[in-house]
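> Sequence below, structure please.
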Amino acid sequence: METEKIRKHIIFYGRVQGVGFRWHSSNFANASGLTGWVRNLEDGTVEMEVQGKEEKIDRLIEYLEGRNYVLIEKMDCRTLPLEENEWEFRERGW
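As a prediction, this is how the structure comes out:
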């Protein structure tokens, strides 16, 4: 049985800015067929909304956890309604 798409809002805490987090997120998500966005927040965290199959979202997080210099200490995650007409994953902000 094919799983349905979901959308997650995630705040990543730890060493997640200045380490290529957004770049790696965008490249992996786009290559995996995920959509959404990622951005740095002023408090040093990174905010992400990602949409796709849950297994692919899990693989994205595992990939990010395996990056050199990235240290995810904690994640706050919640499920959101799906966004229609979203075709890519992109970086937002600075």
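
> didn't residue 45 look like it was pressed against residue 21?
No - using CB atoms under 8 Å, residue 45 is not in contact with residue 21; the gap is 10.3 Å. C-beta here means a position set from N, CA and C on the backbone, and glycine is covered the same way.

> Just list whatever residues bridge to the closest residue to residue 41 other than its chain neighbours.
Excluding the flanking residues, the one nearest residue 41 by CB to CB, 6 or more residues apart in numbering is residue 47, at 5.4 Å. The partner list for residue 47 in beta bridges (DSSP bridges) reads residue 11, residue 39.

> Specify which residue of residue 45 and residue 21 has the higher count of neighbours.
Applying other CB atoms under 10 Å to residue 45 and residue 21 shows that residue 21 carries more neighbours, namely 23 against 18.

> Tell me where the model's unsure across the protein.
For the chain, applying pLDDT under 70 flags the ranges 1-3, 94.

> Just the helices from it, written as ranges.
Secondary structure of the chain (DSSP state H): helices located at 21-32, 54-65.
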